[in-house]
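Asks: My questions concern the predicted model and sequence given below.
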Amino acid sequence: MRWDKVKRVLCEGGVPQRPVVFVTRPELVDAIKRSLCCLGSDPGWVTVYGMAGCGKTVLTAEALRDHQLLEVYFPGGVHWISVGKQDKAGLLIKLQNLCSRLEHDSTLSQRPPLNIEEAKDRLRLLMLHKYSRSLLVLDDIWDSWVLKAFDNQCQVLITSRDRSVTDAVAGNKFEVHVENRLAHEKGLEILSLFVNMKISELPEQANSLVRECKGSPLVISLIGALLRDFPSRWEYYLRQLQNKQFKRIRKSSSYDYEALDEAMSISVEQLNDNYKDYYKDLSILPKDVKVPTKVLCILWDMETEEVEDILQEFVNKSLLFCDRNGKSFHYYLHDLQLDFLTEKNRNQLQELHKNIVNQYKKYYKLNTPVPSQEDCMYWYNFLAYHMAGANMQKELRDLMFSLDWIKAKTELVGPAHLIHEYVEYSSILDQKDSTVRENFQEFLSLNGHLLGRQPFPDIIQLGLCQPEMSEVYQQAKLHAQRETGGFYLEWINKSSLKNLYRLVVRPHRDAVYHACFSKDRQRIASCGADKTLQVFKAESGERLLEINAHDDEILCCAFSADGEFVATCSSDKKVKIWNSRTGQCRRVYEEHSEQVTCCQFNNRSGQYLLVTCSHDTYIKLWDLDENYCRNTMMGHDNSVNHCRFSPNDEYVASCSTDGTVKLWAACSGNELKSIEVKNFFKNADEQPDDVEVLVKCCSWSRNGDTILVVAKNKLLIWETKKVCKSSDAVLKSELDVVFHNDEVMILAIYNQKHLQLINGNTDNVIMQTAAQESPISCCCLSEDLKFAAFGQESGTIKVWNWQFSKCVFLRGHIEAIKDFRLLENSKLLSWSFDGTVKVWNITTGNLEKDFACHGGAVLSCAVSPDGSKFSSASADKTAKIWSFESSSVLHELKGHEACVRCCAFSPNNKLLATGDDKGEIRIWDILTGALLHFCSPVTVDEGEPTHGGWVTDLSFSPDSKMLVSSGGYLKWWNVTTGESLQTFYTNGTNLKSIHVSPNFKVYVTVDNLGILYVLQKF
């Protein structure tokens, strides 16, 4: 490829020319070339990143001036697009321009794409069929979402300030870092080239000037351009800069605003007066927009050549940048240069905007730009912006309330940008009356999904469908009456109908399953059968995000309270958390075993909690700061369809196909109440179990006092204060203890046939039950003292409500119950001499899980603090750790030489303690199942069992550093060292259990003589 051909390829591709003064940085140029070569023939991304003004664009363009690189790797050419900071509408303009450039020699004239998706598809086809093996250069990328529009399996080089900007796209990726500042020698070289002197000949002020410019190529170039015209002013410009005493770089910026502002001010002051006025006119240009020469020709009423000569003067002084886009020149200001001009001319901005509008009107008169004109897209996108800036109310209303303008603009760029303008400029448009603006905004909002179709619909006919009092209808009627030969329809009975909706959009390609507002009502998220999550503006329908979020249908989505995140849940069993602005995936949760039907964030900002429910019957609570489930709420017997936090986030309500609504404590996951909704639908001769009621959804009142449930053909309302009463209890062995209102309440077995409720502080018997038909083997007491549960040697468990004299029977064990424990979510874990462990729902009496744990009797069980695991200890001399979710053994703990009689998890969820009939206590690592150490027994005479006999019960302190055990007596241990800290000898022996207060200061047990011990730590 000859050099003249390279120049033609670069020129046609819009690659910027070398600046007037260019200093080579060969290491960086070569690094960019090497990265491009690494792409080979595969799709991928090369990112050239560094702070603004460091030379990324110049270096990238220089790397492309290599005929061998282009000939071997990119024979299809190079296509350069300057992107900058863009919203969706601005990005669409960029894409439209790029497609137009790539189609310039096509025999078929195509209209510009109307939306980003259409533009992306057209660009993909162009790059695949017409420009294969070409390089797409995206200059000045700010946001990662922009790259998705160019993610078309092609080769892309981007320049950006953000190194992580390509995280949102897939493919091979290579990076080149451009240093934040020029080396001091390079800075001196730039100055020497501007003033045409050798570095050694530069005056002594040169070093100070480079230091004051802080190595920024942009700032050094500004000063160098000044010195070229006034070579004797070295001291003057240095003094000008030093007197301002530049502040440190602001945290919100990657370069020095102050240094650039001062250099800008000095540069502008050196222009002659006529040029100063022309430069001032640039103050009202939109940010990050490259303006065609034709726009400035209209503004200044000059020929193209005259305008280009003026602008070239600014370019030469580094006050303006030029981009050759195809065959025409486009000009733009650096954002800091524009900030400087805007601030400097703040009091004149309105007049400057007014001037450009008047010049537009003078040029186009009553006509509108046509797509073939290079300035067309500028006026359609920014004419209203200039009118608003000029506060030209009449002109803006005439423009925005014109069906001709609406037709022309929506046909080119779609309706979203126009709806945005109605909102943005409403204060000007509504100065007399908001009705007309609301008519047009509603018209576009309700018909936007139609205006994006091809062929483009007849906007006059759409207008005739509006209410007769609408200004849109009145204009459409006038158009229809004036147009001879047109065919239009009048909707005769439309006055009898009323639109209740405010916006109609079609974001999905298949069924929409869920949509929700952000808390500020500015955005809507939606999901559905097409497996995508969409986020769009609530006012205009402008799409902000489209994410291929899951591998199967997405059933629900929800915004966090502050709008920062969106959660999705899917039939693929996954829950995902997305950044609602960038679309980046923050978390993926995969703990549900069946499709996840609903998700909702908590209502208060500050902590991100998410509740989800699933067909696996579980409700799960997630903390976004963690990678795993915080709590699992178990209690439903069938698929859970819906879940909701209460307004104060204290409770969670869930609805299930099992016909119940359950209320849970959000902090603990405990079930507070189960409401049998199906009871409200059964006939007099039906049992509740014979009625099938699918409870679809529930909703809390704003104050949280009531909860509304929908099932079949009824709306059911409950007062939450009457149902949110705690019924949680903790179960132990042959007696149970509740620490209630500073009193110790004890439920004990009396003579094997009775239960006694005893006040431990006074030793008084408060209540005693009648004799039971089968001996009682274990018992427990609810914390509110309203019910008791007890197991019998017959294998039956009874849950007795003393207040209502109701009893639930749990039958399933074939041998005597050894003990049981009440879990969260109205579940009960029981173990028996039959070697099994069972999980029950004490509300329904149903058996939910059945574990065949050991060959011998199961003597003890414990549940991990996070509720995900339980341990079992057996007469077969082993202990095991089980997973509730998978019903599988995680670890089998071997080594005990006698029956393992008890086990306990540490509160920090790291340790398991086991005790056996030889008096030995072992500490295990839960994660690995490894034996850590023994708790050393005190010295005893040979042949006497340590611990005075069996170890029957264990309990950790809240900080997991101490352990108390019962057996022949009570012992306290240092968990870390295994050393004995204290021993308490009782009158009798064979202590069956030890009950400990939450603060580890009160201990309760009973010995074989029936003597009760309530101990308190000093």
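Replies: Looks like it came in fine.

Asks: what about Glu306, how many residues close to it?
Replies: When neighbours are counted by other C-beta atoms under 10 Å, Glu306 registers 13. Just so you know, the C-beta spots here come from the backbone N, C-alpha and C atoms, and that holds for glycine as well.

Asks: no wait, Val765
Replies: 13.

Asks: next one: Lys432
Replies: Residues contacting Lys432 under the criterion other C-beta under 10 Å number 10.

Asks: Report the secondary structure state of it.
Replies: Three-state call for Lys432 (DSSP: H, G, I helix; E, B strand; the rest coil): coil.

Asks: Phi first, then psi, for it.
Replies: phi -100, psi -50 (degrees, to the nearest 10).

Asks: so what pLDDT did it get?
Replies: Lys432 carries a pLDDT score of 75 in this model.

Asks: ok, now how distant is it from Lys88?
Replies: According to C-beta to C-beta, to the nearest Å, Lys432 and Lys88 sit 31 Å apart.

Asks: try Asn367
Replies: 29 Å.

Asks: Of these two, give the one with the bigger neighbour count.
Replies: Lys88 (22 against 7).

Asks: Please name the nearest non-neighbouring residue to that one.
Replies: For Lys88, ignoring the flanking residues on the chain, the nearest one in space by C-beta to C-beta, 6 or more residues apart in numbering is Glu542 at 5.4 Å.

Asks: Any stretches of the stretch 151-300 of the chain with poor pLDDT?
Replies: Low-confidence segments of the stretch 151-300 of the chain, defined by pLDDT under 70, span residues 180-181, 214-215, 240-264, 266-267.

Asks: And the helices in it?
Replies: 184-195, 205-212, 217-229, 234-243, 257-269, 273-281, 293-300 (DSSP state H, counting those that start in this stretch).

Asks: What is the second one packed up against?
Replies: Other helices and strands packing on helix 205-212, by 3 or more C-beta pairs under 8 Å, 6 or more residues apart in numbering; DSSP states H and E, are helix 184-195, helix 217-229, helix 234-243.

Asks: hang on, the earlier thing: next up, the contacts around the residue nearest to Lys88.
Replies: Lys88, Ala89, Ala416, His417, Ile419, His420, Phe536 (C-beta atoms under 8 Å, 6 or more residues apart in numbering).

Asks: Lowest-confidence one in these?
Replies: The lowest pLDDT within these belongs to Ala416, with 77.

Asks: how many other residues sit next to that residue?
Replies: 27.

Asks: Could you pull out the buried residues of the helix or strand encompassing Leu125?
Replies: Here Leu125, judged by DSSP states H and E, is contained in helix 116-125. Residues Ile116, Glu118, Ala119, Lys120, Arg122, Leu123 are the ones in helix 116-125 that count as buried (16 or more other C-beta atoms under 10 Å).

Asks: Looking at those residues, which is nearest Gln17?
Replies: Leu123 (25.1 Å; C-beta to C-beta).

Asks: right, and the closest one touches Leu95 too?
Replies: Yes. Between Leu123 and Leu95 there is a contact under C-beta atoms under 8 Å: 6.7 Å.

Asks: residue boundaries of the strands in the stretch 801-950 of the chain?
Replies: Ranges of strands within the stretch 801-950 of the chain are 806-811, 817-822, 827-832, 836-841, 847-852, 858-863, 869-874, 879-883, 889-893, 900-905, 911-916, 921-925, 931-935, based on DSSP state E, counting those that start in this stretch.

Asks: How about Gly635: what's its closest non-neighbour residue?
Replies: Per C-beta to C-beta, 6+ apart, closest to Gly635 is Asn825, 3.8 Å.

Asks: do the same with Asn908
Replies: Excluding the flanking residues, the one nearest Asn908 by C-beta to C-beta, 6+ apart is Ser960, at 4.4 Å.

Asks: again with Ser265
Replies: Leaving aside its chain neighbours, Ser265 sits nearest to Phe340 (7.4 Å; criterion: C-beta to C-beta, 6+ apart).

Asks: What about the closest residue to Lys294 other than its chain neighbours, how many residues nearby?
Replies: Closest residue to Lys294 apart from its sequence neighbours, by C-beta to C-beta, 6+ apart: Asp375 at 4.0 Å. Counted by other C-beta under 10 Å, the residues lying close to Asp375 total 20.

Asks: For the stretch 451-600 of the chain, give me the ranges with low pLDDT.
Replies: 452-455, 492-504, 506.

Asks: try it again with 50
Replies: Low-confidence segments of the stretch 451-600 of the chain (pLDDT under 50): 496-497, 500.

Asks: got the residue ranges for the strands in it?
Replies: Assigned by DSSP E, counting those that start in this stretch, the strands in the stretch 451-600 of the chain fall at 512-517, 523-528, 532-537, 543-548, 554-559, 565-570, 575-579, 585-589, 596-601.
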